[in-house]
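Chemist: Predicted model and sequence below, questions to follow.
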Amino acid sequence: MQEHHDDLGKIITLENGKTLAEGKGESAYSASFIEVKHIPSPFPSIRNVVIKQPVGCSILTPWNFPSAMITRKLGAALAAGCTAIIKPSPETPFSALAIAELARRAGVPDGVINVVTTQKNVEAVGRELCQNKIVKKVSFTGSTPVAKLLYGLASSTLKKVSIEAGGNAPFIVFDDADVEKAVEGAIACKFRGSGQTCVCANRIYVQSSVYADFASKLSEKVAAFRVGNGLDEATTHGPLIHEKAIDKVKRHIDDAVSRGAQVLVGGQRVRGAGSFFSPTILSDVPLDAAINTEETFGPVAALIKFETEEEMIALANDTDVGLAGYFFSRDVGRVWRVAEALEVGMVGTNTGLISHATIPFGGVKESGLGREGSHGIEEYLNQKLIAFGGI
Ligand code: SIN
C-alpha cells in the first residue's frame, strides 16, 4: 500500500470525491492500520494515551448456580469499577440478596450493587435491564433462546453484551483412555448439579472396543447414587429445579427408548414429593434421538458407540452450540488433534471438571459471546483514546 500510495489516494478521490490531498492522506492512514499495532502516533507533535473506563452493567443470572454465576460477573464488574444491577432468576433470588447484604456490611457503598428480584414481572424487568440507556453493558447466563432474545433487546442501544448460553457438550472416551479415569470424569461432568449445568456432558461417545467396559463401570457407580434432600448428608444428588425439568428429562428418555436405546440404570422419577429423578444411563442411543441435538439439563447419561476419530470429530461438532467438550485419551498426538478440532470454547482432556475462577469461561457458536471470570474484566471497560497534541 505504501508503494502505491499515490494510486490508492487517487482511487479514493475518484470513488469518494474527497480532495486528492485527503485521498492520499487517507491512503497513508489506511496503511497505518496494517503497519501499526499499538498506539504510537505518526505525528511527532502528538502522543496517544488509552484509558479504560467502567461502563455500568446489568447482570442476569440463572437458577442453576444462584451464587457463582453472580460472582463470576460481579467480581470482574467491580474490579473494572462498574456499578451493577443484578437480576437473579425468579426461582433462586436468595443468594443474590445474601451477597448484596454481605457487600453492604463490608462497606460497599449504596447503589454499587443492586438486586432486582422478579416473579411474574420477569420479562418486563429483563426488557428494562437490556434496553434502558443507563445500562451500558448486559451480562447474561442462561439458555440460548433467551440469550438471543436479550441480545436483540440490547441491540436497540448497541450495548456491550456478554453471553454464556446453552451447551450440548460431547464427552468422548477413546480406546486408549484410562477407562476408570474416564468413568470418574463422566460422573463429575455429567451428574454435577444433577446434570443441570451448561458444561455438563450431554452426549457420551465411547469407542466400540471399550464401550462395554465403560458402560458397566459407569452403571455400577451411578446405581449407587442416593437422590434426596440436599441438606441430608447421605444424599449424593438433589432434585431437579421444577416439573418442567422433569418433563424434559422424561421426554428425552422416552424418545431415545422409542428409537431403540436401552435403560441401563434409572429411567424413572423418584416416588414421593418433589421433582426428584433417578440418575439414568441410556445405552446404544441412536444419533437421531432428541438427546443428541437438545441439551437435556438433567441426570441422563446417553451412551453412543463410535468407531473412528474422524467420525467422532464430525459427530461432536454437528451441533449449533459449542460451550465445553471433554475427551479421554493417553495418546499425546490425539490429545492435540482432538482438542484443536472440537468446536467449543473450553476443552477438558482427561478431566471432567474445567470450571475455575481463573479460566476464560465461555463458548463459541450459539453458546455465547465474550469470556467471563478473571479474563472477563475487559468486557466491563470501554477504551478511550486521548490524543495529546501540541507537543
Ligand atoms: C453454568 O452452568 O452456566 C456454569 C457452569 C460452571 O460454572 O461450571
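Modeler: The structure has been received and is ready for your questions.
Chemist: What segments of the chain are helices?
Modeler: 5-16, 20-35, 68-80, 94-105, 122-131, 144-154, 179-190, 208-223, 243-258, 290-293, 309-317, 332-341 (DSSP state H).
Chemist: Packing partners of the third one?
Modeler: Secondary structure elements in contact with helix 68-80, counted by 3 or more CB pairs under 8 Å, 6 or more residues apart in numbering; DSSP states H and E, are strand 47-54, strand 57-60, strand 84-87, helix 94-105, strand 137-141. Every residue, glycine included, has its C-beta placed from N, CA and C.
Chemist: Next: the fifth one.
Modeler: Using 3+ CB pairs under 8 Å, 6+ apart as the contact criterion, the secondary-structure elements in contact with helix 122-131 are strand 57-60, strand 84-87, helix 144-154.
Chemist: between the ones you listed, which one is nearest to the ligand?
Modeler: helix 144-154 (11.4 Å; CB to the nearest ligand atom).
Chemist: Contact residues of the stretch 251-391 of the chain facing the ligand?
Modeler: Counting by CB under 6 Å from any ligand atom, the stretch 251-391 of the chain comes close to the ligand at residue 355.
Chemist: same thing with the stretch 101-250 of the chain?
Modeler: Checking the stretch 101-250 of the chain against the ligand by CB under 6 Å from any ligand atom, the hits are 141, 164, 197-199.
Chemist: Try it again at 5 Å.
Modeler: Residues of the stretch 101-250 of the chain found near the ligand (CB under 5 Å from any ligand atom) are 197-199.
Chemist: If you rank those by neighbours, which is first?
Modeler: Neighbour counts for those (other CB atoms under 10 Å) peak at residue 198, which has 29 neighbours.
Chemist: Do I have it right that that residue meets residue 168?
Modeler: No - when contacts are counted by CB atoms under 8 Å, residue 198 is not listed as touching residue 168 (9.6 Å).
Chemist: hey, what's in contact with both of these two?
Modeler: 295, 323 (CB atoms under 8 Å, 6 or more residues apart in numbering).
Chemist: Same list as before, the helices and strands packed on helix 68-80 that is, but in CSV and with mean neighbour count, mean pLDDT and distance to residue 298 included.
Modeler: Below are the helices and strands packed on helix 68-80 laid out as CSV (neighbours: other CB atoms under 10 Å; pLDDT from 0 to 100; distance: least, CB to CB, whole Å):
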stretch, mean neighbour count, mean pLDDT, distance to residue 298
strand 47-54, 13, 91, 39
strand 57-60, 27, 98, 23
strand 84-87, 23, 98, 25
helix 94-105, 15, 96, 22
strand 137-141, 26, 98, 18
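Chemist: For residue 85, see how far away the nearest residue to residue 55 once chain neighbours are set aside is.
Modeler: Distance criterion CB to CB, 6 or more residues apart in numbering; nearest residue to residue 55, sequence neighbours excluded, is residue 136 at 3.8 Å. Distance, residue 136 to residue 85, using CB to CB, to the nearest Å: 11 Å.
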